[in-house]
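Trainee: Quick check, what structure comes out for this input:
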Amino acid sequence: MRVYLGRRALESELDGQKRLPIRRLTRHFEEKVFERRAPRAGLALDDERTAFLFRYEVFPQRVLRFYGEWQGEGRSMREGDTIVQEAAMPPFNWGARLLFGARVTEIKRGPDEVSFSYATLESHAETGVNTFGFRLEGGQVVARITSRAEPGNTLMRLAGPAVMRYADWCKAVAADLMLRRFLGAEPTGS
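Mentor: This next block holds a predicted model:
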């Protein structure tokens with residue numbers, strides 16, 4: 001993880017993040033779930049409605065900017081892709097930025113559930129696995145983020161609960177945005 005002021009060109013950071021290994025959890029952590037629900041009203045988990053998910057357009061840019069390996073290669077997200085992430089601390093256009101990475105470990109596309117998961121890399125502020133997706137449950141569509149994570153390094157462990165609370169807040173904001181984008185109430189685009 002690097003901390004700096006201002007913004008970086010994330011494309012130039014990709015090769016360095018691609019070389020990093022996944023950081024594994026050292027013990028079992030309870031899965032945290034961030035969900036937002038809306039009436040289904042005939043909506044399907046089709047490619048048109050969920051395309052933004054597989055472009056990783058799930059966080060507001062004021063919270064997190066990213067660059068995915070698929071972008072540089074002009075293709076769709078696939079398992080094994082690296083994502084460079086730049087998180088704002090606090091979530092404004094000023095302040096410190098944290099640069100780190102994650103790797104896509106699983107992609108699911110089914111009639112009732114679509115999702116992708118990533119594991120954090122050695123550079124990440126967290127250690128763990130996050131899954132972003134949608135499910136159809138009865139008469140509802142569910143935007144869902146699940147996370148099993150702990151602080152990723154000594155600095156993050158020292159900041160402890162505050163860091164994890166901020167990460168949880170970011171995931172709750174992302175779940176809200178995911179549902180709004182799925183429903184067509186929020187434009188997509190990174």
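
Trainee: OK, contacts around the closest residue to Phe52 other than its chain neighbours?
Mentor: Spatially, and ignoring its direct neighbours in sequence, Phe52 is nearest to Thr188 (4.0 Å; C-beta to C-beta, 6 or more residues apart in numbering). Quick note: C-beta positions are derived from backbone N, CA and C, even for glycine. Contacts here follow C-beta atoms under 8 Å, 6 or more residues apart in numbering; on that basis Thr188 touches 51-52, 55, 57, 181.

Trainee: could you redo the last one with a cut-off of 7 Å?
Mentor: When the contact criterion is C-beta atoms under 7 Å, 6 or more residues apart in numbering, the partners of Thr188 are 52, 57, 181.

Trainee: Quickly note the distance from it to Glu13.
Mentor: Relative to Glu13, Thr188 is positioned 23 Å away (criterion: C-beta to C-beta, to the nearest Å).

Trainee: Glu35: which element?
Mentor: Assignment of secondary structure by DSSP states H and E places Glu35 within strand 32-39.

Trainee: Let me see the mean pLDDT of stretch 89-101.
Mentor: Regarding stretch 89-101, the rounded mean pLDDT is 80.

Trainee: From the chain's centroid, how far away is the next helix or strand after the strand holding Glu35?
Mentor: Using DSSP H and E, the helix or strand that follows strand 32-39 towards the C-terminus is helix 47-50. Per C-alpha atoms, centre = their mean, to the nearest Å, the displacement of helix 47-50 from the mean C-alpha position of its chain is 18 Å.

Trainee: Pull out the buried positions in helix 47-50.
Mentor: Within helix 47-50, the residues that qualify as buried by neighbour count (16 or more other C-beta atoms under 10 Å) are 49-50.

Trainee: Same check on stretch 10-24?
Mentor: So for stretch 10-24, counting by 16+ other C-beta under 10 Å, buried means 10, 13-14, 17, 20, 22-23.

Trainee: and the nearest residue to Asp168 once chain neighbours are set aside, how far is that from His124?
Mentor: Residue nearest to Asp168 in three dimensions, not counting chain neighbours: Lys32, with 6.6 Å by C-beta to C-beta, 6+ apart. Distance, Lys32 to His124, using C-beta to C-beta: 16 Å.
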